[in-house]
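[1] Quick one, structure for this:
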Amino acid sequence: MPKKEVTIQVNGQEKVVEMDVPDSETHLSWGDPTRFKYLYQSAGIDRLDGPWKVTGSARYASDVVMPGLLFGRILRSPYAHAKITSIDLAPAKAMRGVRAAIQLRNPGDQVMYFGDEVAAVAAQSPDIAEDAIRAIKVQYEQMPFVVSETEAIKPDSPKVHANEDSNYQPGHHEQGDVDAAFAAADAVHEAEYGVPARLHVCLEPHGVTAHWTAPDRVTVWASTQGITGVRDDVAQAFNLPADHVEVICEVMGGGFGSKFGMGVEGRAAVQLAKDTGAPVRLLLTRKEEFLAVGNGPSAYAKVKIAGKKDGTMTAYQASGYGTGGIGDVGIALPYIYHFGSSKVDYGPVFTNIGASRAFRAPNHPQSSFLTELAVDELAAKLGLDPLEVRRKNDGDPVRMKEYEIGAERIGWNRRNKIPGGTPGPVKRGIGMSSAQWWGGGSPSTTVRVTVNRDGSAMVECGTQDLGTGTRTYVGAIVADELQIPLNRVTVKIGDSNYGPAGGSGGSTTTASVAPAVMGAVTSAREQLLNAVAPFLNAKAGELELSNQTVRVAKTPGRSITWKQACSRLPAGGVTGIVNGSNWPSELQQGGAGGAQFAEVEVDTRTGKVKVLHMVGVHDCGLVMNRKAVESQINGGMILGVGLALLEGRVMDDQTGHMINPNMETYKVAGALEIPPMEAIVYDNPTGKVTGIGEPPNIPGASAIACAVFNAIGVPVRDLPITPKKVLDALSEH
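    All right, here's what the predicted structure looks like:
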């Protein structure tokens with residue numbers, strides 16, 4: 001290893017010695033996971049931020065209070081598509097208590113959807129700010145619009161983007177000879193399937209509190225999934241050096257993919273704070289959350305699949321579209337399973353609705369539904385068990401184990417061998433679905449771990465904790481590697497001043513942050529051992545840490561206490577640093593999957609579907625905190641219930657307005673809808689870290705839809721599965 005000069009304490013005097021320190025070539029390993037006291041354990045770890053949240057002391061972006069705080073609001077377009085001909089801010093500026101008003105659009109600009117941003121104000125109270133945006137005078141020239149996918153796809157539909165020849169932008173992918181496979185198949189199934197757009201419904205709305213601490217320095221408290229990204233956005237927008245922008249996100253109340261970047265609301269708040277010389281808080285209302293900060297796109301397709309009597313699926317064909325509003329969308333078809341041949345024609349349909357954003361496993365729940373229910377229907381035509389069909393066409397060895405575990409826990413052998421075979425008006429059924437995600441980490445995170453002379457340790461990292469438990473495992477890694485209690489580790493995250501870090505998306509956070517923490521604490525530990533070695537008449541490589549003791553591995557009696565060892569360190573302790581240049585990529589890997597199983601009860605007299613039981617079996621490599629991973633699986637299954645039975649955005653074709661932009665009529669799963677759930681973590685013996693955020697959100701809705709088909713013998717192919725759709729399906733059967 002390379003040498004580094006470090007100052008240590010010897011009998012109260014400082015002395016410069018040379019130490020071996022790990023470099024970017026040093027190979028690290030998590031080692032035997034059973035050695036950990038905190039990580040990996042079956043009981044898991046209580047979250048470090050748990051007490052803050054249950055006592056209300058956690059400070060969100062909306063909790064920042066300081067003298068002179070102003071309140072921002074945004075004026076939004078009342079039209080789905082229009083040209084702005086004039087904007088008059090004077091009436092708002094003249095109001096008592098209004099400190100600033102700014103344009104977010106200029107005359108001549110177009111607003112592209114109902115809720116598009118036009119102007120913003122800052123005032124001394126929220127009520128004054130609300131009155132002020134009403135006082136702004138805006139003249140519009142209304143333009144043709146379209147909010148329905150089925151209308152937008154028509155050749156004569158109003159064009160959403162003037163520079164596009166059509167609202168529909170299909171892509172084409174083909175592999176093998178699909179026509180020949182269909183001709184030679186023992187069974188062919190063809191039907192239309194649909195998934196509506198859904199909303200993120202973050203309990204904490206989007207927004208920031210901004211405060212300029214100097215003419216060229218600003219602090220921003222943001223609800224964000226990417227602290228460094230917001231810092232860079234603000235720096236670029238306001239022509240500031242990046243280190244003159246501090247972004248803080250101590251805790252946040254959900255993002256699910258919708259909270260990357262500064263956003264229009266963030267830029268408005270920072271500008272209003274600059275113009276007024278006062279701190280400004282601008283948080284969106286619930287209605288604004290539904291209109292303007294993203295959605296998961298819809299997906300509709302005619303699907304045709306074929307198979308052989310032995311269960312081999314030989315062909316998959318899909319033709320369809322989905323809308324991401326004014327933005328683009330993608331799809332992953334066919335999903336997961338091996339088909340001998342495939343042909344997919346699919347693309348976005350532009351509509352005058354706010355643009356979609358990433359939504360926990362972007363496009364995968366939709367892709368899953370456009371595949372899984374069709375697989376069950378094909379299996380029924382072939383007279384085969386749909387689980388066995390999946391096993392036949394899924395070569396992933398980990399998922400094979402997860403199928404086995406999940407089937408046993410749900411009681412797969414109890415399912416109807418023939419869909420709809422249960423007698424009586426109240427029928428039960430069991431279904432399943434699969435998941436796959438890639439994830440993996442990247443060298444995007446800087447971490448500093450300092451061991452102090454008093455025996456405590458501190459870890460600094462500019463990452464954010466979305467509520468998934470990042471703060472907790474960061475501390476646990478340091479505690480386990482130094483063999484000290486977790487309460488002796490101070491974890492500092494959630495501030496851009498702690499160094500750059502990647503955004504929390506794509507299940508990449510743990511796989512990026514955990515290796516960086518491991519590398520940094522390993523470096524700090526090696527520096528400490530080098531400092532202590534002379535006092536034990538040993539080489540650093542001969543020493544080990546065990547239960548707050550530093551000892552010679554082959555002579556345990558030769559030891560000193562942890563505190564004695566730390567007292568030998570220099571005044572500032574020792575610090576290990578990992579950044580992009582020495583990030584230990586060997587500690588992470590991409591790839592996480594899983595399977596979910598659901599049992600439902602359907603009352604054929606009312607059409608009511610009740611989920612009775614769900615089982616989720618998922619893998620994520622080396623488990624950092626089992627309790628947190630189980631929580632992620634549970635959360636994913638809850639989202640699956642919402643997508644399957646409740647959620648759906650409703651647009652008015654005549655006005656272009658969203659009909660249900662609230663939590664009263666946009667339904668999400670609550671306590672009455674959430675069934676007993678089993679979250680099972682499958683220990684994939686890779687010895688490397690993988691994220692788990694995305695996979696649990698993928699298969700739940702498909703598993704529930706397959707269970708409904710198994711219960712009543714007829715499929716409901718258009719989500720959500722409402723009582724009316726169940727009754728309609730039964731009446732058409």
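
[2] what domains does the record give for this protein?
    Here the domain parsing of the chain from automatic domain parsing is 3-42+441-585, 69-143, 299-439+589-732.

[3] ranking these by burial, who's on top?
    With neighbours taken as mean count of other C-beta atoms under 10 Å, the domains of the chain reach their highest mean count in domain 299-439+589-732, at a mean of 21. (Each C-beta comes from the backbone N, C-alpha and C, glycine too.)

[4] Between its first and last residues, how far does that domain reach?
    24 Å (C-alpha to C-alpha, to the nearest Å).

[5] Now find how far off-centre that domain is within its chain.
    18 Å (C-alpha atoms, centre = their mean, to the nearest Å).

[6] before we move on, back to that, quick one, which of the domains of the chain gets closest to residue 217.
    Among those, the nearest to residue 217 by C-beta to C-beta is domain 3-42+441-585 (11.7 Å).

[7] Figure out how far the closest one is from the centre of its chain.
    Averaging C-alpha positions (C-alpha atoms, centre = their mean) puts domain 3-42+441-585 28 Å from its chain's average.

[8] Where among the domains of the chain is average confidence lowest?
    Ranked by mean pLDDT, those bottom out at domain 3-42+441-585, which scores a mean of 89.

[9] which is the next helix or strand following the longest helix along the chain?
    Secondary structure of the chain read by DSSP state H shows that its longest helix is helix 509-532. The first helix or strand that comes after helix 509-532 along the chain, using DSSP states H and E, is strand 543-545.

[10] contacting residues around that next one?
    Residues from elsewhere that reach strand 543-545 (C-beta atoms under 8 Å, 6 or more residues apart in numbering): 481-483, 525, 529, 532-533, 536, 550-553, 562.

[11] Make TSV out of these and add distance to residue 586.
    As requested, the contacts of strand 543-545 are arranged in TSV below (distance: C-beta to C-beta, whole Å):
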residue	distance to residue 586
481	16
482	21
483	23
525	18
529	21
532	27
533	26
536	30
550	26
551	28
552	28
553	24
562	28
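
[12] Closest one of these to residue 658?
    residue 481 (50.3 Å).

[13] and the closest one, what does it touch?
    Counting by C-beta under 8 Å, 6+ apart, residue 481 touches 518, 521-522, 525, 545.

[14] And the domains of the chain: which comes nearest residue 216?
    Using C-beta to C-beta, those put domain 3-42+441-585 closest to residue 216, at 16.0 Å.

[15] Save the contacts of residue 481 as TSV, and put in distance to residue 696 too.
    As requested, these are arranged in TSV below (distance: C-beta to C-beta, whole Å):
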residue	distance to residue 696
518	25
521	29
522	31
525	34
545	36
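
[16] Identify, from those, the entry nearest to residue 673.
    Nearest to residue 673 among the contacts of residue 481: residue 518, at 40.0 Å, using C-beta to C-beta.

[17] Contacts only, for the closest one.
    Residue 518 neighbours (C-beta under 8 Å, 6+ apart): 28, 30, 477, 481, 584, 587.

[18] Quick check: the last one touching residue 515?
    What it means is residue 587. Yes - counting by C-beta atoms under 8 Å, residue 587 does reach residue 515; the two are 3.7 Å apart.

[19] can you list residues touching both of the two?
    Contact with both residue 587 and residue 515 is made by residues 28, 689, according to C-beta under 8 Å, 6+ apart.

[20] Enumerate every residue touching the closest residue to residue 642 other than its chain neighbours.
    Among residues not flanking residue 642 along the chain, residue 669 sits closest, at 4.2 Å (C-beta to C-beta, 6 or more residues apart in numbering). Residues near residue 669 by C-beta under 8 Å, 6+ apart: 638-639, 641-642, 645-646.

[21] In JSON lines: those residues, plus secondary structure and distance to residue 426.
    Below are the contacts of residue 669 laid out as JSON lines (DSSP: H, G, I helix; E, B strand; the rest coil; distance: C-beta to C-beta, whole Å):
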{"residue": "638", "secondary structure": "helix", "distance to residue 426": "24"}
{"residue": "639", "secondary structure": "helix", "distance to residue 426": "26"}
{"residue": "641", "secondary structure": "helix", "distance to residue 426": "19"}
{"residue": "642", "secondary structure": "helix", "distance to residue 426": "23"}
{"residue": "645", "secondary structure": "helix", "distance to residue 426": "17"}
{"residue": "646", "secondary structure": "coil", "distance to residue 426": "21"}
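
[22] Tell me the secondary structure at residue 294.
    coil (DSSP: H, G, I helix; E, B strand; the rest coil).

[23] neighbours of it, just the number please.
    Around residue 294 sit 26 other residues, with neighbours defined as other C-beta atoms under 10 Å.

[24] what helix or strand does the closest residue to it other than its chain neighbours sit in?
    Leaving aside its chain neighbours, residue 294 sits nearest to residue 357 (2.9 Å; criterion: C-beta to C-beta, 6+ apart). Using DSSP H and E, residue 357 sits within no helix or strand.

[25] which one among the contacts of residue 518 gets closest to residue 152?
    Looking across the contacts of residue 518 and measuring by C-beta to C-beta, the closest to residue 152 is residue 587, at 46.7 Å.

[26] burial count for the closest one?
    If you count neighbours by other C-beta under 10 Å, residue 587 ends up with 23.
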